[in-house]
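Undergrad: coords below, sequence missing:
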């Protein structure tokens with residue numbers, strides 16, 4: 001029996017704690033925050049007031065949206081926690097990711113550094129192990145995530161990842177495509193065939 005479609009009420013965001021080199025990324029983060037508020041969806045994010053994460057959270061709050069920030073105690077001062085959001089302070093990065101995963105029904109990955117990359121890879125790894133079918137959508141402005149997708153394709157060609165893995169995530173180029181793509185993936189949840197745990 002196929003699993004029920006995933007119901008979307010909260011969307012997790014992984015992205016940079018800086019704004020990066022391209023001003024379009026901050027504009028996109030702000031636009032996504034406003035879009036979530038407009039759709040009545042809660043933002044679940046890393047709790048900071050700076051960088052792309054802060055831009056998104058502030059835009060969501062400014063538009064009347066609901067925001068849950070999850071931040072480790074040791075980052076509360078360096079990341080300048082966004083006190084206007086509902087904040088949960090946890091003990092570690094591991095606990096932060098676990099709480100965000102628990103609270104969010106889908107995930108958006110915007111441009112970021114090594115921390116964002118690590119968070120995205122863990123989400124994809126858990127999907128590979130059939131631990132979840134939550135939608136994961138990358139915002140691929142100006143091909144930012146193309147090198148990651150090329151690497152994943154390389155692991156498929158070399159026989160380490162099954163071809164079905166391509167259904168575990170999606171990429172869009174515009175903010176207005178994020179929520180429709182999330183809903184499309186949620187509606188299809190349970191319809192895709194299980195991935196083999198070993199590739200033969």
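TA: Perfect, I can see it now. Owing to the predicted nature of the structure, the values given are computational and were not obtained by experimental measurement.

Undergrad: What helix or strand is residue 87 located in?
TA: Counting by DSSP states H and E, the secondary-structure element that holds residue 87 is strand 86-90.

Undergrad: what comes into contact with the helix or strand that that strand is followed by?
TA: Scanning the chain past strand 86-90 towards its C-terminal end, the next helix or strand to appear is helix 93-103 (assignment: DSSP H and E). Contact partners of helix 93-103, identified using CB atoms under 8 Å, 6 or more residues apart in numbering, comprise 10, 12, 44-46, 68, 70-72, 88, 90, 119, 122-123, 126, 132. Quick note: C-beta positions are derived from backbone N, CA and C, even for glycine.

Undergrad: Return the set of buried residues in helix 93-103.
TA: Buried positions in helix 93-103, judged by neighbour count with 16 or more other CB atoms under 10 Å: 96, 97, 99, 100, 101, 103.

Undergrad: Closest to residue 58 out of these?
TA: Checking the buried residues of helix 93-103 against residue 58 with CB to CB, the nearest one is residue 100 at 18.4 Å.

Undergrad: circling back: may I see the buried residues of the strand holding residue 87?
TA: Under the neighbour-count criterion of 16+ other CB under 10 Å, strand 86-90 has 88, 90 buried.

Undergrad: from memory residue 12 sits against residue 42, does it?
TA: No: counting by CB atoms under 8 Å, residue 12 does not reach residue 42; the two are 9.7 Å apart.

Undergrad: These two: who's more crowded?
TA: Each of residue 12 and residue 42 has its neighbours counted (other CB atoms under 10 Å); residue 12 has more, 26 against 19.

Undergrad: Show the contacting residues for the more buried one.
TA: When contacts are counted by CB under 8 Å, 6+ apart, residue 12 is found next to 44, 45, 100, 101, 103, 104, 106, 107, 108.

Undergrad: how about it, secondary structure?
TA: Here residue 12 takes the strand state, with states given by DSSP: H, G, I helix; E, B strand; the rest coil.
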